[in-house]
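S.K.: here you go, sequence then predicted model.
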Amino acid sequence: MNKEILKILENDARTSPEQIATMTGISPKEVTNLIKQAEKERVILKYKTMINWDKVGNEQVSALIEVKVTPQRDAGFDSIAERIYRFPQARTVYLLSGAYDLLVLVTGKTMHEVADFVSQKLAPLEGVQGTVTHFMLKRYKEDGEIIEEKEETKRQQVVL
Amino acid sequence: MPANPGKYHISQRANQLSPSGIRKFFDLLASIEGVISLGVGEPDFATPWHISEAAIYSLEKGMTMYTSNSGMPELRQELSSHLRNNFSLEYDPASELLITVGVSEALDLAMRALINPGDEVIIPDPCYVAYGSCVILAEGVPVMVPTHQENNFELNAEDVEARITPKTRAILIGYPANPTGAVMSREHLSQIAEVARRHGLMVISDEIYAKLVYGVEHTSVASLPGMKENTVLLGGFSKAYAMTGWRIGYAAAPREIIAAMTKIHQYTMMCVPTMAQYAAIEALKSGEDDVAEMVEDYNRRRLVIVKGLCEIGLSCFEPKGAFYAFPSIKSTGMTSEEFAERLLTEEKVAVVPGSAFGQCGEGYVRCCYATSLAEIEESLSRMKRFIAKYG
């Protein structure tokens, strides 16, 4: 798989095959084929847009939940992880080394909604030994993007 | 000498410098809003954070005193390794390197250290705007050698040799070049070096864009056989590490020349701002990945702008270095200044008239592609409209 194409798309998913062709020297047709193949092989998972929901007054509540679980014979952590990640409320699920096992990012409309999910769905799951919930207070940076408005850089208009 | 010396009796030295030939264009630019500028000769990236952070830390620790005139020993040591690893150059950090306030200061020092009144300095045309003036400030005489699009704006050794007189002292070159984006091939550079050696001339080589090359290797003049003794190498951090505002560069040259330059430097500049030196150390120690990433990014934009310019009917040779494209606008019948002015007023795109960089820049405009891809594409579509009207 052509990594340069992936890098360009990761940076801006709207870059057209023609533009990518100019940047890489690969023909537009070949670029289109390579992208299709990457989608098929799930190298490219999906195309999405990063939105700063706070700006449109559409506040949502997020929490990071530490989950301590008992690994299961044959399946290890995978089956309990799956039980958790099948819930749409769990936006991100990682297995970690250290003091706890799974880290789950949960989002909801209200604190109540998130708390309910944790107490009624997550914590009672068989194999879950305990949870610690951290509500998110502020997002500074996400996926490499600084969320606060960038100060405009004051470049001179012409420098010789 | 101007007819009216004015109230303050400004020195002849200052008076003889020509104000920028395109003052009118600058004034016009300042009066228009919403301009997309391809006129900025600097990176659009902010300095990589770890570099800025190193300088901030130095301030927090109170590292705010003067340093050695030549620059901090640690910086010169790192620079020495950097020159060895990147360009196969051997310079003694204790005696053959001088840290300067950008290449600008280094250039001025080199001229003042090497040029006697009346000495001639050979310079390619078009070239960076300061070259001629620095020679004049040292009371030397700039001798321009035309370079042409047909030869990819490389300096031709025969053309250089034809202009050598008993007064010729040095050849001043800057490749990769501002404004053309041209790179000197190793072969052609060797020919220039050979001429310099044969005639006992110094080569003053401004290699500020050395790290910004695309698909070719940069050859440093000083790395050519026998050339270290005949070269003053000027370099800096501004372009590669996106550090233009830090004002830090260096000169590398034989001991005797560095000693002479250091004398002038110590009386005029003392030393380079200490925080900038800390930033530079960090840049040299762990800035290579940032440079590689930025170069990759510039390269994509370079390919887009060159293809775009050619598609709208402006012939443009492929620039292999720096971050400039230098298309010919001769097909429009306009002068480069006229072209830039009309493009600015009619389509709000700022490019720099090639004539600002010398006579041979007439008929061309400099388009800097160190700006976002979206802006490049928008400016291309505006230029397309403009060319359709006048081309």
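M.R.: Yep, it's here.

S.K.: for chain A, just list every one of the helices.
M.R.: A:3-11, A:17-24, A:28-40, A:78-85, A:111-116 (DSSP state H).

S.K.: what lies in contact with the fourth one?
M.R.: Contacts to helix A:78-85, defined as CB atoms under 8 Å, 6 or more residues apart in numbering or on different chains, come from residues A:67, A:69-72, A:90, A:93, A:95, A:102, A:104, A:122, A:125, A:127-128. All C-beta spots, glycine's among them, are computed from the backbone N, C-alpha and C.

S.K.: follow-up on the earlier one: can you put the helices of chain A in a markdown table and add mean neighbour count, mean pLDDT and distance to B:I56?
M.R.: As requested, the helices of chain A are arranged in a markdown table below (neighbours: other CB atoms under 10 Å in any protein chain shown; pLDDT from 0 to 100; distance: least, CB to CB, whole Å):
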| stretch | mean neighbour count | mean pLDDT | distance to B:I56 |
| --- | --- | --- | --- |
| helix A:3-11 | 15 | 95 | 28 |
| helix A:17-24 | 19 | 95 | 35 |
| helix A:28-40 | 15 | 96 | 41 |
| helix A:78-85 | 17 | 95 | 41 |
| helix A:111-116 | 15 | 96 | 37 |
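
S.K.: nearest to chain B, of the contacts of helix A:78-85?
M.R.: For chain B, the closest of the contacts of helix A:78-85 turns out to be A:L95, at 28.8 Å, with distances computed as CB to the nearest CB.

S.K.: what count of nearby residues applies to the residue nearest to the closest one when sequence neighbours are not counted?
M.R.: The shortest distance from A:L95 to any non-neighbouring residue, by CB to CB, 6 or more residues apart in numbering or on different chains, is to A:F77 (5.3 Å). By the other CB atoms under 10 Å in any protein chain shown criterion, the neighbourhood of A:F77 contains 15 residues.

S.K.: quick check, A:F77 in contact with A:L102.
M.R.: Yes: contact status for A:F77 versus A:L102: in contact at 7.1 Å, counting by CB atoms under 8 Å.

S.K.: related to what we said a few turns ago, between the helices of chain A, which one is closest to B:A138.
M.R.: For B:A138, the closest of those is helix A:17-24, at 43.7 Å, according to CB to CB.

S.K.: which SSE is whichever residue of the stretch 151-300 of chain B sits closest to chain A in?
M.R.: Closest residue of the stretch 151-300 of chain B to chain A, CB to the nearest CB: B:R300 (4.0 Å). In this assignment (DSSP states H and E), B:R300 forms part of helix B:288-311.

S.K.: same question, B:V195
M.R.: Assessed by DSSP H and E, B:V195 sits inside helix B:186-199.

S.K.: list the contacts of that helix.
M.R.: Contact partners of helix B:186-199, identified using CB under 8 Å, 6+ apart, comprise B:154-157, B:160-161, B:164, B:168, B:171, B:173, B:175, B:184, B:201-203, B:217, B:219, B:221, B:224, B:226-227, B:230.

S.K.: which is the next helix or strand following it?
M.R.: Taking DSSP H and E as the definition, the helix or strand that follows helix B:186-199 towards the C-terminus is strand B:202-206.

S.K.: just the strands in chain B please.
M.R.: Defined through DSSP state E, the strands belonging to chain B, from first to last, are B:36-37, B:97-100, B:120-125, B:141-146, B:168-173, B:202-206, B:231-236, B:249-252, B:324-325, B:349-350, B:352-353, B:365-368.
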